[in-house]
Each structure stands twice: as structure tokens, then as C-alpha cells.
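Participant: kindly generate the corresponding structure for this input.
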Amino acid sequence: AADPVLLYYSRFMRNDVPLAAAMFVAFGLLVRALDTRRPWYLYPAAFAAALGFAMKENAFLYFVCWLGGLVLVLDTRTVLAVHRDGADPVDAISDRLAAAGRGLLDWWVHVVGAVALFFLVFFLFYAPKPELYGVLADPTAVGGVVDATLSRIQAELERNWLSSSGHLRDHSYLNFLGWFGKTFAYLAAPLAVAAVYTVVRKRLPDAALEFIQ
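Facilitator: Sure, this is the predicted structure:
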């Protein structure tokens, strides 16, 4: 409500604004976990991410964006290692990935717990509520709730991502992705080149740029 633009677009973009808020909170908690070396932040991060996935079907695109950011960080660290230490690029990347793997192994219990929490919250939001409440009275009905929930999740995936028909759109997300790629190539190529140059110029020091050139 403090930002008129977000307030305006939230009127017709369904859950995009609360989805962005939930995923931003999840991202901040993940960064906090890495900065403080405290794995307990993984749990609220998983909870916030699960809320985002329950809000809208395109929440996983945030993970794609985070992965792209990690690739940029890895590239930047690799260039600096090559320029500063004379390291081999392949060895520098391997060392970074190995360090990340060791970190995940050190936190494997918390990673598994956070992933389990994510799927639990996601499952509870997609579960049909009358059947879910009925489990409280009849615990043996949990199998039916699981089947009904998985069917709902499968139907949502097919309707929003794979099917070319639906009550809100005439094409699937995959078709829209193809059209977006063509539009981007035809109309936004100069912007893409400028964006890549800006990222390189802002993230790397002058000495590294001279080395690359």
C-alpha cells in the first residue's frame, strides 16, 4: 500500500505481489543463513518459499533467477581467481563447487529438514480442506487425502504449464516462453547487450576487465 505502482498492478496481477514478497523473504533468509553460518534460517526460508508456491504456479521462476545470480557470482569469483592467483579456470570452478558441496554436507540434516518442511506446507495448502479436516476424526483416511492432493497438484501443472487450453488463457506457459524468446530476440537485443556489458562492468574491477580484454 505504500507503493502506488505495486498497489495498482496488484489489482489485476492476482498473487504476483504477495508472491514476490514471500520469495523475497525466503531469499533474504537464505542469504542470512550463509552470512551468519547458522542453518536454522533454512527453516523459515523453506516456509516462506512454500507459501509462495501455494500462492501462484510460477513461483519456481524465482529459483531460476536465483540460479542465474549464482552463476554470475561463480563467474565473477572465477575471473578474479584467474587474474589474482593465476589459477586455472576449470580448477577455480571445481574448487568453488566442491566447497559448496562440503557446505551442504555439513548442513545435510538441516537441508533435509527444510526441504521436508517445504513440501509439508506446500502439501497442506493444496490438500482439499474438507478431506484434510476429516483426517482429524478418521486418521485412516490420510491415504485418500494424499491421493486427492497429488491429483490436484498434477491437474494444476497440466493446466498451467502443459495444456494449451484453460479458462484464463488460450496457450500454455511453454508457448508463451517461446513467444517471449522471439520477442526478446527481435526487440530487446540491444537492451540485452547493454545489460550484459553493465553486469560485467559493474561487477568486475578494472584490472580484471583489462585481463579479460
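
Participant: all the helices of this structure, residue numbers only.
Facilitator: 4-9, 16-36, 42-55, 60-85, 89-106, 108-126, 129-137, 142-157, 173-187, 189-203, 206-212 (DSSP state H).

Participant: as a markdown table, these with mean pLDDT and mean neighbour count would be great.
Facilitator: No exception for glycine: its C-beta is placed from N, CA and C like everyone else's. Formatted as a markdown table, the helices of the chain follow (pLDDT from 0 to 100; neighbours: other CB atoms under 10 Å):
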| stretch | mean pLDDT | mean neighbour count |
| --- | --- | --- |
| helix 4-9 | 62 | 10 |
| helix 16-36 | 91 | 17 |
| helix 42-55 | 94 | 21 |
| helix 60-85 | 83 | 14 |
| helix 89-106 | 83 | 12 |
| helix 108-126 | 91 | 15 |
| helix 129-137 | 71 | 12 |
| helix 142-157 | 78 | 13 |
| helix 173-187 | 77 | 11 |
| helix 189-203 | 79 | 11 |
| helix 206-212 | 58 | 12 |
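
Participant: nearest the geometric middle of this protein, what residue?
Facilitator: Closest residue to the average C-alpha location of the chain: residue 63 at 1.5 Å, with CA atoms, centre = their mean.

Participant: isn't residue 93 right up against residue 73?
Facilitator: No: Residue 93 lies out of contact with residue 73 (CB atoms under 8 Å); the separation is 11.7 Å.

Participant: any common contacting residues for the two?
Facilitator: Common neighbours of residue 93 and residue 73, using CB atoms under 8 Å, 6 or more residues apart in numbering, do not exist here.

Participant: sorry, back to before: any idea how far the residue nearest to the centre of the chain is from residue 104?
Facilitator: 16 Å (CB to CB, to the nearest Å).

Participant: again, but for residue 148
Facilitator: Residue 148 is 34 Å from residue 104, by CB to CB.

Participant: same check on residue 191?
Facilitator: With CB to CB as the criterion, residue 191 and residue 104 are 36 Å apart.

Participant: just residue 43 next, same as before
Facilitator: Relative to residue 104, and taking CB to CB, residue 43 is found at 16 Å.

Participant: and for residue 58?
Facilitator: From residue 58 to residue 104 the distance is 26 Å (CB to CB).

Participant: equivalent analysis for residue 177, please.
Facilitator: Distance from residue 177 to residue 104, by CB to CB: 30 Å.
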